[in-house]
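In: Got a predicted structure here, sequence first:
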Amino acid sequence: MMKWALALAGATAMASPAFAEVVARAASPDGKLTVAVSLDNEGRPSYSIAKDGRPVLNDSKLGFMFTDAPKIERGLTLTGTKRDRTDTTWTQPFGEWKTIRDNHTELTVTFREAKNLKREMAVTFRLFDDGVGFRYTLPKQANLTTANIADELTQFAFAEPGTAWWKPAFEWNREEYLYNKTPLDAVGTAQTVMTVKLASGRHVAIHEAALSDYSAMNLARAEGTTFRAVLTPGSNGPKVSRAAGFSTPWRTIAIADDAPGLYAASRIGLNLNEPNKLGDTSGWIRPGKFVGVWWNMIKGEWSWARGPKHGATTANVRRYIDFAAANGIQGVLVEGWNVGWDGDWFGNGNDMNFSQPTEDFDAAGLAAYAKSKGVRLIGHHETGGSVSNYDRQLDSAFKWAADHGERVVKTGYVTDAGQIERVDADGSKHREWHEGQWMVNHHQRVLDAAARYKVSIDSHEPVKDTGLRRTYPNWLSREGGRGMEYNAWGGGGNNPPEHEANLVFTQFLGGPMDFTPGVLSLTGSPGVFLQSTIAKQLALYVTLYSPVVMAADTPENYARYPAAFKFIRDVPTDWSDTRVLNGEVGDYVTIARRAAGSNDWFLGAIGDEEARSSTVELDFLEAGKTYTAEIYRDGPGADYRTDARHSITIEQRQVRKGDTLTIALAPGGGEAIRFVAPKRK
């Protein structure tokens, strides 16, 4: 009986819950957002977040799993706390806001294992008024010289049920999936950004910042509304392998009362990155628009490979240069200009040569012709997933680009997820994921090589944006989602009307995307129609931010819609201020932006499959000034499902600060406005 009682008591003790004690607290500058760090009675560390006294995240675990050592997760004691405060303002070379305020408090807690290896781990929290970033530091120490990380034990334990917008991780098509809208407790394994609207109405977005020499983070639901970080795998066992004495990327939690507030809160990602390391880039980094030898290939009318349908010919490119010059467009993208596209290049790009043009592409002559017209060619480096082949050519490739006047190069990594080819110095071959540590480091090598030749990067099939454009401003933009090309292919795979309103409050919280808007013909391959009105195509130039933006349709199609095309000619790609006037995730959004170096404002509004109407106040205009509003709105009967998708009304009216406008969106519709400021006398 005594043995049974002792056994029962022992089992009860083992099953009893762990009680957590708060060992450190911190509050945001306005005092409304708080973080509490706790240790339970088994020495397990956790953190929690509250806003206005209401929990956002309950106790969420911290720690690491290793492939060659015991985990760091329990048996820890608090050995120190450190606090700091920062309130500064910094200027971007380009962006959605000219200046950004970095106003945060900081708390660093250091833990040490009480027994055994006695390893140390520090966690630093930065608290902004609209979110939190935290990261680990693993110092160099006697019992941890190399960190071979199997995974993080980081959790995000949502305190309420809610609705989540997310796309799946670890599927074959990389980041190019539509966003699911599900209950929070029905999410599978999600890529970040994952956006959540809690039952209370509060909005939260989970992402990361400053992803460098590390593996990208995904989110797996553990149970209920608790998620854990899942790092992208590598080919050699550990998901991350680094010499100790480093800090991880920041895990970010943006928090706002509504979707527009969440967009503004996303600036914490930039603030958590290091300042510009490239120095003065004003002489060579230039935001701008471009056209390209691209849409006809996407539709299947031209080919990347040589032959009778080859798109990148001297004659075709000269025609695009002429069109760009005539319309004040700064660049011409050319895909398929180089040797290596013939045959099956998808996932097999080892024949790609990034400094050898095809015989029907007069590279030197076209570069000189473009320069004479005030236009620059935009290069294209498609690896076909053969990344080591590209690595070997980085210096020669970017020297060739610079020698031919290219300020921007679009890179590509077209192969299935987990199929990047890595070839080591000993000749051994490995398969990597697009967002694993090895590929993260590859993208850094690309940036470094490009910067040596004063070239900027627009990467497709990339690693996700985590704000590194602050540190390396030559990383202008990237794809990393379902762009315009999906609207060309048909077969039920078109982007639905809600797609862009989803993107604004999910992927674009991480950074700019090269979405390639502006298909005014609203047609893709034969018989395929975009699920959009023509006015929405214009509005995308304001709502979907990228410092390099394509006018994706063909010159012939733009000639058919000259009145609408005028907005594409006029709209800039660099801004000094941005205001999100209204919006709901996946339903609609209205954004106003002030053009950099100008007093003009631009407004874009987009919706979903429903007709929608909203009223916006023009409180962003300068007081005492009368502006001319050049309005491009859905016309009578406009509807993405009918032949009236091209119905558009273009009109002008005089407006002043404080006036209101009614924004009426057709199904699949949009509205674009240029507010022309009065000329100063």
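Out: Done, it's in.

In: list the buried ones in stretch 545-564?
Out: 545-554, 557-558, 561, 564 (16 or more other Cβ atoms under 10 Å). All C-beta atoms are positioned from the backbone trio N, CA, C, and that covers glycine.

In: Same list, those residues, but as a markdown table with secondary structure, pLDDT and distance to H430 please.
Out: Rendered in a markdown table, the data for the buried residues of stretch 545-564 read as follows (DSSP: H, G, I helix; E, B strand; the rest coil; pLDDT from 0 to 100; distance: Cβ to Cβ, whole Å):
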| residue | secondary structure | pLDDT | distance to H430 |
| --- | --- | --- | --- |
| Y545 | coil | 98 | 36 |
| S546 | coil | 98 | 33 |
| P547 | coil | 98 | 34 |
| V548 | strand | 98 | 32 |
| V549 | strand | 98 | 36 |
| M550 | strand | 98 | 34 |
| A551 | coil | 98 | 40 |
| A552 | coil | 98 | 36 |
| D553 | coil | 98 | 41 |
| T554 | coil | 98 | 41 |
| N557 | helix | 97 | 44 |
| Y558 | helix | 98 | 45 |
| Y561 | coil | 98 | 49 |
| A564 | helix | 98 | 49 |
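
In: Among those residues, which one sits closest to I298?
Out: Among the buried residues of stretch 545-564, A552 lies closest to I298 (Cβ to Cβ), at 8.5 Å.

In: which residues of the stretch 551-681 of the chain fall in strands?
Out: Secondary structure of the stretch 551-681 of the chain (DSSP state E, counting those that start in this stretch): strands located at 575-584, 588-595, 601-606, 612-617, 626-634, 648-656, 660-665, 670-676.

In: Which of the ones you listed sits closest to R74?
Out: Evaluated over the strands of the stretch 551-681 of the chain, closeness to R74 peaks at strand 575-584, with 42.0 Å, by Cβ to Cβ.

In: what does the closest one rub up against?
Out: With Cβ atoms under 8 Å, 6 or more residues apart in numbering as the test, strand 575-584 has contacts from 95-98, 258-260, 263-264, 501, 504-505, 545, 588-597, 603, 614, 616-617, 620.

In: Please repeat the previous calculation with a cut-off of 6 Å.
Out: 96-98, 259-260, 263, 589-594, 596, 614, 616, 620 (Cβ atoms under 6 Å, 6 or more residues apart in numbering).

In: Could you spell out the sheet neighbours of it, each with its direction?
Out: Sheet partners assigned to strand 575-584 using DSSP bridges are listed as strand 588-595 (antiparallel).

In: what distance separates the helix or strand in which K197 is found from the middle of the whole chain?
Out: When secondary structure is defined using DSSP states H and E, the element that contains K197 is strand 194-198. For strand 194-198, the separation from the chain centroid amounts to 17 Å (computed by Cα atoms, centre = their mean, to the nearest Å).

In: All further residue positions should be reported with the first residue as 55.
Out: Yes, from this point I'll number from 55; that puts the last item at strand 248-252.

In: Give me whichever of the strands of the stretch 605-735 of the chain is most buried.
Out: Counting by mean count of other Cβ atoms under 10 Å, strand 655-660 has the highest mean neighbour count of these, with a mean of 28.

In: what are the pairing partners of that one, and which direction each?
Out: Strand 655-660 has the following sheet partners, assigned by DSSP bridges: strand 642-649 (antiparallel), strand 724-730 (antiparallel).

In: pLDDT (mean, whole number) over that strand?
Out: Confidence over strand 655-660 (mean pLDDT, whole number) is 99.

In: Specify the angle between it and strand 666-671 in degrees.
Out: 160 degrees (axes from the mean of the first three to the mean of the last three Cα atoms, to 10 degrees).

In: CA atoms of strand 655-660 as CSV?
Out: Coordinates of each C-alpha in strand 655-660 appear next as CSV, following Å, rounded to 0.1, in the frame of the first residue of the first chain:
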residue,chain,number,x,y,z
TRP,A,655,-0.6,62.8,-53.6
PHE,A,656,-1.9,59.6,-55.1
LEU,A,657,-4.7,57.4,-53.9
GLY,A,658,-5.5,53.8,-54.7
ALA,A,659,-8.5,51.7,-53.6
ILE,A,660,-9.1,48.1,-54.4
